[in-house]
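A.B. asks: For reference, the sequence and a predicted model appear below.
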Amino acid sequence: MKEKILNLGNLFGAICFSIVAIVFFFSVNKTYPFIAQIAALVAVFALCTFLCAFRNKKHLKKLFDAEPRKLYIACALIMLAVQLVLVIGINFMPRTDASHLDKICRNFVEGNDDLYYGLDIFHYNYLERYSNQWGIFLLQSLIYKISVFLTGGISINLLPLITVFLMQLSYFILYKITGLVFQSQKRRNVCIAMMTLCPVLYVYSCVFYTDTLSMPILLGAVYFALCAVKSTGKRSTALYILGAALCTSVGYYIKGNVGIIAVALFIYFAFKINYKRVLALVVATAVSFVLVGNALTSTMKAVGAVNDESIEKYSFPMVHWVMMGLNGRGGYNDEDFLYTFGIDGVEEKKEADILRIKERIEEYGFGGFLAHLGKKIQYTWYGGTYQSTVQFAFAEQDLFTDFFSKSYVYFTWCFLFQATMILLMLFSFIGGFIRKKTDRISAIRLMQLGLFLFLLIWETRSRYMLNMLPLYFIIASDGAARFKEFLGIISKKRTKLVKTVAQ
């Protein structure tokens, strides 16, 4: 019975991802002509069929049959080489929210009484307004302090080089996770190759922000949790559960969507693992959240970055982002920001935002609300650039920045990669439901499904999925195996039909 209930996650995921695929390939969009979207669908199907049908050919066989450890090392070195070329060649300056944090951290390290010097009026009291930035503020300030102490300044390449390290660490943890979820080395190799071929990860190797900083922490939570599932010793299991709880809580205070990992793990543990481990995970996670949250708040107040009065006056309530998510395509917009910004007091802001939420739901009606959700899905999943082009849109023009902000080669690469990943993840959900097998990949599918639903409710941006991309590669790799099985069934039926006709 538990297996059947847990398998409903695969069914619900298959329905949701069918909608994503329909919106991706059959919606009218200004960026790409409709015929190009249909051509992409045909091309992706053809590519997947080719790889599955000819995977035993000499050159492809070497790739699929390679030892995962050797393939990972080779791919990681290739990725590292490209990342270093980009970091050194671009001289990246932070954009959007990362630029605000850069100014605030520099003011803090330099001892400036005004933390927000250099920011416009709408970004004053930035830390009071966005408590989700506290973790990265403290860490980035610490990095800057160490840099000033050791070198006397802050190099323009410092944060990008740290980001490269975080990306490489994420790649290593992903490689370790594939060993826990896949028995087949072919599936591990597909996942390893996908991370190397993902275009946006190269762009974001220059961007030190919550999206990249939280990636290895999120993957660490998944790795420790899956180790706890597999572990047989009491001591090792306890350590793995503590590791998962700590990574989840720390990751959450850097990037809120990491909290979805905890929910998915609770559900999976409840239906697959004995009650003692479920209880241990819940208690460890709850205690860890409280301890990390209190430590973070106390530190921010101790260093003078915020105080109770400024938080009460300037902070935004959680419902602000739900309200913003109900506007049009559900992304950030100045109108909703200024609406909440212009109200003093967190409770007053909360009441005003809730009132606007009710008004928008009533205005939409059932049909209008469904159309709104369709726009959000398109805005979140379409194109596959994950807003990476924004990072270089206003940078000094050169070969690299032009390629990542204007080149149709890059846009096409992103679009086809995204199209392939969406289809393969859909195959994984459908295959998981049909096979009624709720293995460890089911836990990862639950995480993806949770983020999909979260972004339907919250303010959405494709960039908010960046730290979960490695998990998408795992699902897509499983989907490739399910697609191969589908082709095998068709081939057998065709052979049987031919024999029947011949007789």
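C.D. replies: Received the coordinates, thanks. Numbers count the residues shown, from 1 in each chain.
A.B. asks: measure residue 287 to residue 270 for me?
C.D. replies: Using CB to CB, to the nearest Å, residue 287 is found at 19 Å from residue 270. Heads up, the C-betas are built off the backbone N, CA and C, glycines and all.
A.B. asks: quick one, which of these two is more surrounded?
C.D. replies: residue 270 (17 against 14; other CB atoms under 10 Å).
A.B. asks: average pLDDT across stretch 429-438?
C.D. replies: Confidence over stretch 429-438 (mean pLDDT, whole number) is 84.
A.B. asks: Can you give the contact residues for it?
C.D. replies: Defining contact as CB atoms under 8 Å, 6 or more residues apart in numbering, one finds that stretch 429-438 is touched by 3-4, 6-7, 9-11, 13-14, 17, 271-272, 441-442, 445, 475, 478-479, 481-482, 485-486.
A.B. asks: Give me the neighbour count for the nearest residue to residue 266 once chain neighbours are set aside.
C.D. replies: In this structure, residue 266 finds its nearest non-sequential neighbour in residue 282, 6.3 Å apart by CB to CB, 6 or more residues apart in numbering. Residue 282: 17 surrounding residues under other CB under 10 Å.
A.B. asks: Could you double-check that residue 282 lies in contact with residue 263?
C.D. replies: No - the criterion here is CB atoms under 8 Å, and residue 282 misses it with residue 263 at 10.9 Å.
A.B. asks: Report how many residues lie close to residue 165.
C.D. replies: Going by other CB under 10 Å, the residues that sit close to residue 165 add up to 14.
A.B. asks: State the pLDDT value of it.
C.D. replies: 96.
A.B. asks: What residues sit buried inside stretch 257-274?
C.D. replies: If you call a residue buried by 16 or more other CB atoms under 10 Å, then stretch 257-274 has these buried ones: 257-262, 264-265, 267-273.
A.B. asks: with these in mind, which one is nearest to residue 113?
C.D. replies: Using CB to CB, residue 258 is the member of the buried residues of stretch 257-274 that lies nearest residue 113, at 33.8 Å.
A.B. asks: all helices for the stretch 301-450 of the chain, in order.
C.D. replies: 308-314, 319-325, 334-341, 346-381, 399-406, 408-435, 440-457 (DSSP state H, counting those that start in this stretch).
A.B. asks: got CSV for those, with mean neighbour count and distance to residue 391 too?
C.D. replies: Shown next, in CSV, are these (neighbours: other CB atoms under 10 Å; distance: least, CB to CB, whole Å):
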stretch, mean neighbour count, distance to residue 391
helix 308-314, 14, 28
helix 319-325, 21, 22
helix 334-341, 15, 20
helix 346-381, 15, 18
helix 399-406, 17, 7
helix 408-435, 20, 12
helix 440-457, 22, 20
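A.B. asks: Relative to residue 192, which of those helices is closest?
C.D. replies: Nearest of those (CB to CB): helix 408-435, 14.7 Å.
A.B. asks: chain center to the closest one, what's the gap?
C.D. replies: 15 Å (CA atoms, centre = their mean, to the nearest Å).
A.B. asks: cool, stretch 316-324 as well?
C.D. replies: Worked out by CA atoms, centre = their mean, stretch 316-324 lies 21 Å from the chain centre.
A.B. asks: Next, count neighbours for residue 4.
C.D. replies: Neighbours of residue 4 (other CB under 10 Å): 10.
A.B. asks: hmm, who's touching the host helix or strand of it?
C.D. replies: For residue 4, the element it lies in under DSSP states H and E is helix 2-26. Identification of contacts with helix 2-26 by CB under 8 Å, 6+ apart yields 34, 37-38, 40-41, 267-268, 271-272, 374, 377-378, 381-382, 418-419, 422-423, 425-426, 429-430, 432-433, 436, 438, 442, 445-446, 448-449, 452-453.
A.B. asks: The same query, at a cut-off of 7 Å, please.
C.D. replies: Under the contact criterion CB atoms under 7 Å, 6 or more residues apart in numbering, helix 2-26 has outside partners 37-38, 41, 271, 374, 377-378, 381-382, 419, 422-423, 425-426, 429-430, 432-433, 436, 438, 442, 445-446, 449, 452.
A.B. asks: what inclination does that helix have with respect to helix 408-435?
C.D. replies: Comparing the axes of helix 2-26 and helix 408-435 via axes from the mean of the first three to the mean of the last three CA atoms, to 10 degrees yields an angle of 150 degrees.
A.B. asks: Show the average pLDDT along helix 2-26.
C.D. replies: Here the average pLDDT along helix 2-26 is 85.
A.B. asks: and what of stretch 133-147?
C.D. replies: Rounded mean pLDDT across stretch 133-147 is 94.
A.B. asks: what does stretch 252-268 give?
C.D. replies: pLDDT averaged over stretch 252-268 gives 89.
A.B. asks: Next: stretch 199-213.
C.D. replies: 91.
A.B. asks: moving C-terminal of the least confident helix or strand in the chain by mean pLDDT, what's the next helix or strand?
C.D. replies: Lowest by mean pLDDT, DSSP states H and E among the helices and strands of the chain is helix 58-64, with a mean of 63. For helix 58-64, the following helix or strand on the C-terminal side (DSSP H and E) is helix 68-90.
A.B. asks: List the buried residues in that next one.
C.D. replies: 68, 71-72, 75-76, 79-80, 83, 86-87, 90.
A.B. asks: returning to that earlier point: list the helices and strands whichever strand or helix holds the residue nearest to residue 266 packs on?
C.D. replies: Residue 282 is part of helix 275-302, with elements assigned from DSSP H and E. Under the contact criterion of 3 or more CB pairs under 7 Å, 6 or more residues apart in numbering; DSSP states H and E, helix 275-302 touches helix 134-151, helix 234-252, helix 259-272.
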